[in-house]
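**Student:** how would this look folded up:
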Amino acid sequence: MKRSGFADLPLHHGRVPPWLAERMSRLGAAIVESILIQYGRSEFLSRLADPFWFQALGAVMGMDWHSSGITTSVMSALKRGLAPRADELGIYICGGRGRSSRNTPEELRGIAERRSLDGDALVETSRLTARIDNNAIADGFQIYLHTFVVSAQGEWTVVQQGMNEAGGMARRYHWHSASVRDFTSAPHTGIVGKSQGVIMNLVDEAAGGAQKALLSIVKENPDSTLREASRLLLPRHHEVRAENVDLKRLGAVLAMAYERDFRNFASLLLLENLGPRTLQSLALVAEVVHGAPVRFSDPARFSFALGGKDRHPFPVPLKTYDESIAVLRKSLDSARMGNTEKLEGFRRLENFTRRIEERCDPRADFGPAIAHEFAISERYGGRSVFDDAKGSVRKKPQKSPQKQLKLFPF
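**Tutor:** Below you'll find the predicted structure:
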């Protein structure tokens, strides 16, 4: 067992409107199914345990790119979307926020009975991860969301979140069962930091004697013994800014979508006749499915797939959202019938976009890129929570960015 990382997020109060929640469930389920078909259950659980990948997943689904609500919304959407086919897919999501978290033991025991797993061990693990993050780490965060994701083989990932209202922040904790089997003996995949000489590690595999001697002072803060492998710290500002995005990576996606020759070839890779806006969305979805871990260092970039419910970086283009789900769903249905060509197209699309990034210099002009999205928003059914309010006024665009994309040939 290991705690694989955590993310610090600004507290953000609000709700996910029904028109987005339903789409998030369908898109999230399709993304997960794509990963399961091509990489397997263990890989999905490993990705879910990565705070950077999780943030990118939420952004590509249309949630606010950095707020605390992304955790509840994404896990709720995945639970709703995957539940009808949980036995078929072999992935089960238990728990949730508040009262739902208290149902976790009962849900785990039910799954364990159907899958011949050790239900008591799963329940004990669920409780232990919650207690460590809520009680053993004196960081001022109180757990209010606990989700336990388990596979048919018994491998699991925990995603839970605590709140610190005084500091205006939430902290999301990720755990994964894959590597370590003892919380108190070398549970870390790595502890990295500036050298300060010899340090004390009370969960080193050779520290058994010291552990016994220190049982009398268990009330001391053990934060130093639970360093995470990866930590995501997000800024307090709500809008997406140029410094939050790798502009070369974003530029490759925009170039692929809007440069005619690239767009035609990208459509061919997917075996679809797709417009630029849907290609932009699907290129980022493809990266969530196929991208290497290093590709998720700038999760804000993935909000350029389908925008955000609070218009950050632009309103959610509902027509594009629905077409993206339809294309992905069609490829999954074909794969279930034995024809994987359409599904493989997403892998080819991800490779093609990355080649543009590597061989050209397609840096995005950030301001015009966002202005362009607002300019075309109405055409693609752009909607936000502010548009749900009577008398809301859509922000006016400034200029379109396509002509400012400067590319060099392969």
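**Student:** ranges for the strands of the stretch 51-200 of the chain?
**Tutor:** 91-97, 142-151, 156-164, 169-176 (DSSP state E, counting those that start in this stretch).
**Student:** flag every buried residue along stretch 122-140.
**Tutor:** By neighbour count with 16 or more other Cβ atoms under 10 Å, stretch 122-140 contains the buried residues 122-123, 125-126, 129-130, 132-134, 136-137. The way it works is simple: take the backbone N, C-alpha and C, and place the C-beta from them, glycine included.
**Student:** hey, C-alpha coordinates of that stretch in PDB?
**Tutor:** C-alpha atoms of stretch 122-140 as PDB (Å, rounded to 0.1, in the frame of the first residue of the first chain):
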ATOM      1  CA  LEU A 122     -11.000  -4.200   2.100                       C
ATOM      2  CA  VAL A 123     -13.200  -2.500   4.800                       C
ATOM      3  CA  GLU A 124     -10.200  -2.300   7.200                       C
ATOM      4  CA  THR A 125      -8.100  -0.700   4.400                       C
ATOM      5  CA  SER A 126     -10.800   1.800   3.700                       C
ATOM      6  CA  ARG A 127     -11.100   2.800   7.300                       C
ATOM      7  CA  LEU A 128      -7.300   2.900   7.800                       C
ATOM      8  CA  THR A 129      -6.600   5.300   4.800                       C
ATOM      9  CA  ALA A 130      -9.400   7.600   6.100                       C
ATOM     10  CA  ARG A 131      -8.100   7.600   9.600                       C
ATOM     11  CA  ILE A 132      -4.500   8.300   8.500                       C
ATOM     12  CA  ASP A 133      -5.500  11.300   6.400                       C
ATOM     13  CA  ASN A 134      -8.000  12.600   8.900                       C
ATOM     14  CA  ASN A 135      -6.300  11.900  12.200                       C
ATOM     15  CA  ALA A 136      -2.700  10.900  11.800                       C
ATOM     16  CA  ILE A 137      -1.700  13.900   9.700                       C
ATOM     17  CA  ALA A 138      -2.100  17.100  11.600                       C
ATOM     18  CA  ASP A 139      -2.500  19.400   8.600                       C
ATOM     19  CA  GLY A 140      -5.900  20.900   9.600                       C
END
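**Student:** who are the contact partners of the nearest residue to residue 170 once chain neighbours are set aside?
**Tutor:** Nearest non-adjacent residue to residue 170, counting by Cβ to Cβ, 6 or more residues apart in numbering: residue 68, 3.5 Å away. Residues near residue 68 by Cβ atoms under 8 Å, 6 or more residues apart in numbering: 9-12, 161, 163, 169-170, 172.
**Student:** find the residue at the geometric middle of this structure.
**Tutor:** Geometric centre of the chain, nearest residue: residue 54, 2.1 Å, by Cα atoms, centre = their mean.
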